[in-house]
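Colleague: I'd like to go over a predicted model; first the sequence, then the structure.
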Amino acid sequence: MRKSKNVSAKVSTLLLSAALVAAVSVSLVGCAPAAKKLGGIESFTKSYFAGSAECSSAEIDLSEYVDANGTEVTYSAESDAPNVAEVTVDGDKLTVAMKSGEGDARISVDVLSDGKKAFELNFTVTAAAIGKIACIGDSLTYGHTWHNESYPVYLQEMLGSGVTVQNFGINGGAVTSCRTQYNPHYSETTEYSDSLEAKADLVIFMLGTNDSFNWEKASETFREEYAAYLEAYLDNGAQNVVVMTSPPTLPNNRFEIPNEVVRDNICPIQREVAAEYGLPLLDLRNIFEAQDNLDQFYRSGDGVHLTVQGAQFVASRLTELFKTI
C-alpha cells in the first residue's frame with residue numbers, strides 16, 4: 001500500500017507539471033509579437049531663414065527605423081521646444097518643421113505596437129538661422145548687362161528683408177584659368193575675396209560655363225579646382241553650399257559657348273562633386289531642359305543670359321530647394 005501511495009504521488013506530480021507546461025505554452029502562444037527597433041534616428045542641424053515664415057523642414061520615414069513584426073504600428077511624437085521645431089506624423093512619415101527659434105529641440109517618438117508602447121525613438125534638431133547668402137558665379141549670376149535683373153535680385157525679393165542676398169558674380173568668371181584674357185580665374189578676383197570676407201551662412205555656387213571655351217586645357221584641373229572652391233566656403237564657416245549645374249545655352253548663341261561640352265563634360269562633374277561632398281544640388285540643366293518653351297528664359301539674340309522670367313524662375317526653384325536643406 002505504501003508503494004501504491006508513492007506511485008500515486010509521482011503521477012500527481014507529473015500531471016501537475018504537465019498542466020504547468022501546458023499553461024505556460026498557452027500563455028506564450030497567446031502573447032502577440034511586438035514591434036522591433038531597427039536603429040536610432042541621428043540628430044541633425046536644419047536651417048531656417050531669419051524673419052521668414054517659410055522655413056525648412058525634414059521628412060523622416062519611420063519604417064526605416066521600425067520593424068512592425070506583424071503588428072499594427074502607430075506613432076505619436078512631440079517636441080520639447082516647439083518654437084524651434086514642430087513635429088507631425090502621418091502614417092510612417094514624420095515631418096519636422098523648423099520655426100524661428102534658436103537652439104535645440106529634442107524630438108520624442110513613441111512607437112505603439114497594437115496600441116501598446118513598444119519603445120521610443122529620440123533625436124535632437126538644432127536650428128541654425130540663415131541671415132546672409134552669397135551668390136557665386138559668372139555673368140549668369142552677375143546678370144551681364146542686366147545686373148538689376150539677375151536671379152540674386154529676385155531671390156532677395158522672395159526671401160524678404162530678414163535675409164541679405166549678396167551678388168558676387170563676375171562677367172566671364174571661370175573655375176580655371178582656361179582663357180585668362182577674357183575669363184578671369186575666379187579665385188584671383190576681388191569678388192572671390194569679398195565673398196569670403198562676407199562670411200555668408202549659405203553659399204550658392206554656379207561656375208563652370210566659361211570653362212567650356214577651352215575645355216581641353218580646363219579639363220586638366222577643373223574637378224580639383226571646383227572642389228577646392230566648395231571646400232573654401234565650407235571651411236570659411238558656411239552652413240551649406242548649394243551647387244547649381246550650368247544651364248543649357250541655345251544653339252548659335254552669341255558667345256559661341258559649346259553647349260555639348262557643358263552638357264557632356266562640365267555638368268556631370270558638377271553633379272559628381274556635389275554628391276561627393278554631400279551638398280544640395282539644384283540641377284538647372286535638367287530643370288531647364290524639361291521646360292516646354294526654353295526660349296522664354298533667354299535674352300533675344302543672346303542665347304546665354306537670362307530674361308527676367310528666367311532669373312525669377314531660378315530664384316523660385318532655389319526657394320523651393322531651401323525648404324529641404
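Modeller: Done, it's in.
Colleague: in its sheet, what does the lengthiest strand in the chain sit against?
Modeller: Secondary structure of the chain per DSSP state E: the longest strand is strand 116-130. Sheet pairing of strand 116-130 (DSSP bridges) gives strand 44-49 (parallel), strand 103-113 (antiparallel).
Colleague: which parts of that strand are buried?
Modeller: Using 16 or more other Cβ atoms under 10 Å as the test for burial, strand 116-130 gives A118, L121, F123, T124, V125, T126, A127, A128, A129, I130. Every residue, glycine included, has its C-beta placed from N, CA and C.
Colleague: how about the third one, what does it touch?
Modeller: Each residue near F123 by Cβ atoms under 8 Å, 6 or more residues apart in numbering is listed here: G40, I41, E42, S43, F44, R106, I107.
Colleague: From these, pick the one nearest Y186.
Modeller: Y186 lies nearest to F44 out of the contacts of F123, by Cβ to Cβ, at 31.3 Å.
Colleague: Show me what the closest one bridges to in the sheet.
Modeller: V125.
Colleague: Tell me how many other residues crowd it.
Modeller: Neighbourhood size, F44 [other Cβ atoms under 10 Å]: 12.
Colleague: Check the offset of the longest strand of the chain from the chain's centre.
Modeller: Centre-to-centre, strand 116-130 and its host chain are 18 Å apart (Cα atoms, centre = their mean, to the nearest Å).
Colleague: distance of D61 from Q239?
Modeller: Noted for D61: a distance of 25 Å to Q239, by Cβ to Cβ, to the nearest Å.
Colleague: make that L321, sorry
Modeller: 14 Å.
Colleague: next one: L155
Modeller: From L155 to Q239 the distance is 17 Å (Cβ to Cβ).
Colleague: try K217
Modeller: From K217 to Q239 the distance is 34 Å (Cβ to Cβ).
Colleague: would you list every one of the strands in the stretch 201-325 of the chain?
Modeller: 202-206, 240-244, 281-282 (DSSP state E, counting those that start in this stretch).
Colleague: Compare the ones you listed and report which one is nearest to S79.
Modeller: Closest to S79 of the strands of the stretch 201-325 of the chain, according to Cβ to Cβ: strand 240-244, at 22.6 Å.
Colleague: Just the CA trace of the closest one, in PDB.
Modeller: Taking C-alpha atoms only, strand 240-244 is exported to PDB below (Å, rounded to 0.1, in the frame of the first residue of the first chain):
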ATOM      1  CA  ASN A 240      25.800  74.900 -46.500                       C
ATOM      2  CA  VAL A 241      26.800  75.300 -50.200                       C
ATOM      3  CA  VAL A 242      24.200  74.900 -52.800                       C
ATOM      4  CA  VAL A 243      25.600  73.700 -56.100                       C
ATOM      5  CA  MET A 244      23.900  74.600 -59.300                       C
END
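Colleague: ok, residues contacting that strand?
Modeller: Contacts for strand 240-244 (Cβ under 8 Å, 6+ apart): 47, 137, 202-206, 230, 233-234, 270, 273-274, 277, 279-284, 314, 318, 321, 325.
Colleague: hang on, the earlier thing: of the buried residues of strand 116-130, which is the nearest to S52?
Modeller: Looking across the buried residues of strand 116-130 and measuring by Cβ to Cβ, the closest to S52 is I130, at 8.9 Å.
Colleague: How much space separates that closest one from L202?
Modeller: Counting by Cβ to Cβ, the separation of I130 from L202 is 5 Å.
Colleague: got the contact list for T45?
Modeller: Per Cβ under 8 Å, 6+ apart, neighbours of T45: V125, T126, A127, A128, Q239.
Colleague: from those residues, which is closest to P33?
Modeller: Closest to P33, out of all of the contacts of T45 and judged by Cβ to Cβ, is V125, at 31.7 Å.
Colleague: What are the boundaries of the strands in the stretch 51-200 of the chain?
Modeller: Under the criterion DSSP E, counting those that start in this stretch, strands of the stretch 51-200 of the chain are mapped to 57-61, 66-67, 73-79, 85-90, 93-98, 103-113, 116-130, 132-137, 164-169.
Colleague: So which of the ones you listed is the most surrounded?
Modeller: Comparing the strands of the stretch 51-200 of the chain on average neighbours per residue, with mean count of other Cβ atoms under 10 Å, the densest one is strand 132-137 at a mean of 25.
Colleague: then it to CSV, C-alphas only?
Modeller: Extracted C-alpha coordinates of strand 132-137, given in CSV (Å, rounded to 0.1, in the frame of the first residue of the first chain):
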residue,chain,number,x,y,z
LYS,A,132,23.4,86.1,-45.2
ILE,A,133,23.5,84.4,-48.6
ALA,A,134,26.4,84.8,-51.1
CYS,A,135,25.8,84.1,-54.7
ILE,A,136,29.0,83.0,-56.5
GLY,A,137,29.2,82.7,-60.3
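Colleague: what's that strand in contact with?
Modeller: With Cβ under 8 Å, 6+ apart as the criterion, strand 132-137 contacts 141, 151-152, 155, 159, 163-169, 173, 186, 191-192, 195, 198-207, 229, 233, 238, 244.
Colleague: No more questions from me, cheers.
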